[in-house]
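Peer 1: need a 3D model of the sequence below.
(chains A and B)
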Amino acid sequence: MCLAIPGRVLGIDTDERSVRTGRIEFGRMVKSVDMTLVPEAEVGCYVLVHAGFALNVIDEREAELTLGYFAEMAQYDETDERGE
Amino acid sequence: MKYLDEYRDPTVAVGYIRAISNLVTRPRMIMEVCGGQTHAIMKHGLDRLMPSGVTLLHGPGCPVCVTPVELINAAIALAGQDDVIFCTFGDMMRVPGSKRDLFMVKAAGGDVRTVYSPTDALRTAIANPERQVVFFAIGFETTAPANAATVHQARQRALDNFSILSAQVLIPPAMEFLLSAKDCKVDGFLAAGHVCTVTGYTEYEALAERYNIPIVVTGFEPLDILRGIHMVLEQLESGRSEVSNAYPRAVQREGNVSARRLIDKVFRVTDRAWRGFGIIPDSGLELSEEYADFDARRRFALEVTPVAESGRCISGLILRGNKTPRDCPAFGMDCTPDHPLGATMVSSEGACAAYYRYGAEAPTTTSEPGGQT
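Peer 2: Below you'll find the predicted structure:
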């Protein structure tokens, strides 16, 4: 139910009522998404989409840091005592 | 897909399992409160990969499951009215009320439509000005801003044929409900990532301090979940009880401020009954006075009468973490996803439905971590 899918912002349009709609690419699919909740979103960034609304902009720097932890964890063996 | 595939790497999962096994010195019970996580744990077999001391408990993390029977009955009554187009997320269609479900209403000629977004229901209202369109607004905090924004847009358009039946619920009061029970077995929580995307996690800091319990904001991919479990155990083993964030690419401490502001404007907090639990104070959202014209309960003068649940269903104990689906004599026998007796079987994200779907057929010893969706 709380599933939210990351997608890339291809474009953003604003209608006469100031409702912003994004064209969001998910893999090979493009969908229209309401951008009301993410005024900071720009073309090229990734947003998390739930129930037709972008909920936030994915923090790419934090995503890189997490992948860094994962790369260390892939090397983990029983003698290690590392934490985060 | 970017931001999904890299969080399913089996070699990293193996590293996490080793690290978790190395870390844990005594039995620990960790509860997730998100049906998406419950589903991912069962699907990827993460529960079976845990060392014997670590037990994963599945809390009240599915809004479909916890929607009380009386609200389902109210939805069914509305959906059967001639002038109504009733719009709902697909998961609510086969949740049984006292006598029928929404599929049966549709089969009997009711105009029941499944939608992907509340804005689909809004568009339906714009396209059908002579009919009343009601949207069944269920969900946790994740869905609340979408529902709030839709009601706000309906008011901007001065639509008088759109309303919502709110079954919105809030997670922290349910966690507090569990923690304040004398027999609470939970040692640490995985907080629901996308709920926290919206709300942030300052409210959880008060819970962690008051109840001396680690809470780790956690995502949905298998590696996100393993990272959350690892971080809970690190806190437990070093005697800490605080909130930490294992999902920082999607969650900031203060959440989405625009979304929170919109929720506060459109909704007000109210007491709410949870299927399996009963009434939890301040755990639901209804429309605020400013938006009350869009409340289906008012528009249709709906009577919502509390309904007793099946005495044979132990979902209340399962949602508390005191029993597992396998402890229930009805599980898989008289209670199946096609004929559910109660909360945890009614939706695919409920613990019993997830056990039923993956428990029986999945391998028990050699399951591959990090499979593809």
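
Peer 1: how about the residues of the stretch 51-200 of chain B near chain A?
Peer 2: B:62-64, B:89, B:91, B:116-120, B:138-140, B:142-143, B:145-146, B:149, B:153, B:156-157, B:192, B:194-195, B:197-198 (Cβ under 8 Å from any Cβ of the partner chain). No exception for glycine: its C-beta is placed from N, CA and C like everyone else's.

Peer 1: repeat for the stretch 201-350 of chain B
Peer 2: Counting by Cβ under 8 Å from any Cβ, the stretch 201-350 of chain B sits next to chain A at B:220, B:223, B:227, B:230-231, B:234, B:248-250, B:252, B:256, B:258-259, B:262, B:347, B:349.

Peer 1: run through the neighbouring helices and strands of whichever helix or strand residue B:153 is part of.
Peer 2: Element membership for residue B:153 (DSSP states H and E) is helix B:144-156. Helices and strands in packing contact with helix B:144-156 are listed as strand A:53-57, helix B:118-127, strand B:132-139, strand B:162-169, helix B:257-266; criterion 3 or more Cβ pairs under 8 Å, 6 or more residues apart in numbering or on different chains; DSSP states H and E.

Peer 1: hmm, 7 Å instead?
Peer 2: Helices and strands touching helix B:144-156, by 3 or more Cβ pairs under 7 Å, 6 or more residues apart in numbering or on different chains; DSSP states H and E, are strand A:53-57, helix B:118-127, strand B:162-169, helix B:257-266.

Peer 1: so can I have CSV of those showing distance to residue B:209 and mean neighbour count?
Peer 2: As requested, the helices and strands packed on helix B:144-156 are exported to CSV (distance: least, Cβ to Cβ, whole Å; neighbours: other Cβ atoms under 10 Å in any protein chain shown):
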stretch, distance to residue B:209, mean neighbour count
strand A:53-57, 26, 25
helix B:118-127, 36, 20
strand B:162-169, 24, 26
helix B:257-266, 21, 18
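
Peer 1: restricted to helices, list the residues of the stretch 201-350 of chain B next to chain A.
Peer 2: The members of these that map onto helices under DSSP state H are B:223, B:227, B:230-231, B:234, B:258-259, B:262.

Peer 1: any chance of the helices and strands packed on helix B:144-156 in JSON lines, plus mean pLDDT and distance to residue B:107?
Peer 2: Output for the helices and strands packed on helix B:144-156, formatted as JSON lines (pLDDT from 0 to 100; distance: least, Cβ to Cβ, whole Å):
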{"stretch": "strand A:53-57", "mean pLDDT": "97", "distance to residue B:107": "31"}
{"stretch": "helix B:118-127", "mean pLDDT": "98", "distance to residue B:107": "20"}
{"stretch": "strand B:162-169", "mean pLDDT": "97", "distance to residue B:107": "21"}
{"stretch": "helix B:257-266", "mean pLDDT": "98", "distance to residue B:107": "34"}
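
Peer 1: need the nearest residue in space to the residue in the stretch 101-250 of chain B that chain A sits nearest to, chain neighbours excluded.
Peer 2: At 2.5 Å from chain A, residue B:117 is the closest residue in the stretch 101-250 of chain B, using Cβ to the nearest Cβ. Take residue B:117 and drop its neighbours on the chain: the residue closest to it by Cβ to Cβ, 6 or more residues apart in numbering or on different chains is residue A:52, 2.5 Å away.

Peer 1: burial of that neighbour, as a residue count?
Peer 2: Close neighbours of residue A:52, defined as other Cβ atoms under 10 Å in any protein chain shown, add up to 19.

Peer 1: do residue B:289 as well
Peer 2: Neighbours around residue B:289, by other Cβ under 10 Å: 9.

Peer 1: gap between it and residue B:297?
Peer 2: Using Cβ to Cβ, to the nearest Å, residue B:289 is found at 14 Å from residue B:297.

Peer 1: quick one: buried ones out of the residues of the stretch 51-200 of chain B next to chain A?
Peer 2: For those, a neighbour count by 16 or more other Cβ atoms under 10 Å in any protein chain shown gives the buried set as B:62-64, B:89, B:91, B:117-120, B:138-140, B:142-143, B:145-146, B:149, B:153, B:192, B:194-195, B:197-198.
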